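S.K.: Return atomic coordinates for the entry below.
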Amino acid sequence: MPAATEQETQQDFVVSRVLAAPRELVWKAWAEPKCLAEWWGPKGCTLRVIKVDLRPGGVFHYAMAYKPGHEMWGRFVYRDVAAPERLVYVSSFSDEGAGLTRAPFKDTFPLEILNTLTLREQGGKMVLTLRGRPLNATDEERATFIDMFPSMQQGFGGTFDQLETYLAAQS
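M.R.: Residues are numbered from 1 along each chain as shown. Okay, here's the model as predicted:
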C-alpha cells in the first residue's frame, strides 16, 4: 500500500454500530427531516431541523441547543445519495444562514469533514459505519482532528444510542 494511502487511512475517523433494525428504516432515520429531529446530535441537546434536501448538492441545515437561546448551527452538503446503502456528505459548523464557520470549541478543527455513511446487512443485523476525514485541511487541522478521535467516539456513541432508541420505538 502506498505511503499516502496509509496516511489517509490513519487520519480517518471511523465509528460503527450494529443495529437490530431493517436497513430501510435506518435509511429513513437519516433521510427524513421528522426522523432526524428525533435522534440526531449529542445526548442532551435539542435539535431543530431547518432544512433537509437529500440529493447531491442538497443541504441538511440544523441548530442544536443545550439550553434555550444558545444554538450551535451545523450543516451537511450531500455529495452522493445511494438509498438505502450509502450517503456521502461534507459536514461543517455553520451560521444561521448555513454559511461555513469554524467550530466553536477549537479554531484548529477542520472547516469541513467528508463523511461516508454505509448501511450493510450482515447476519440478520444492520451494520452502520461512518467514516470521516478532513477536506482541504492544514497539517495543524488534521492533527487536531486526530487528537479529537476519543471525544468524537464518545459523541457519536451518544448519538447512535439515541438512534437505537428511536429505531426501537419505530418497530
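
S.K.: Without its sequence neighbours, what residue ends up closest to L54?
M.R.: A31 (5.3 Å; C-beta to C-beta, 6 or more residues apart in numbering). Glycine gets a C-beta too; all of them are placed from N, C-alpha and C.

S.K.: residues touching the one you found, list them.
M.R.: With contact set as C-beta atoms under 8 Å, 6 or more residues apart in numbering, A31 has these partners: V52, L54, A83, L87.

S.K.: what helices or strands is the longest strand seen in the chain leaning on?
M.R.: When the chain is parsed with DSSP state E, its longest strand is strand 71-82. Applying 3 or more C-beta pairs under 8 Å, 6 or more residues apart in numbering; DSSP states H and E, we find strand 71-82 packed against strand 59-65, strand 86-94.

S.K.: which SS state does W27 fall under?
M.R.: On the three-state scheme (DSSP: H, G, I helix; E, B strand; the rest coil), W27 is labelled helix.

S.K.: Could you tell me which of the contacts of A31 count as buried?
M.R.: Among these, the ones that count as buried by 16 or more other C-beta atoms under 10 Å are V52, L54, L87.

S.K.: can you put those residues in TSV and add distance to F149 and pLDDT?
M.R.: Converted to TSV, those look like this (distance: C-beta to C-beta, whole Å; pLDDT from 0 to 100):
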residue	distance to F149	pLDDT
V52	28	96
L54	28	97
L87	21	98
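
S.K.: For this protein, which residues score under the pLDDT cut-off?
M.R.: Along the chain, the parts satisfying pLDDT under 70 run over 1-10.

S.K.: Please enumerate the helices of it.
M.R.: 3-10, 23-31, 33-39, 139-147, 149-170 (DSSP state H).

S.K.: That'll do, ta.
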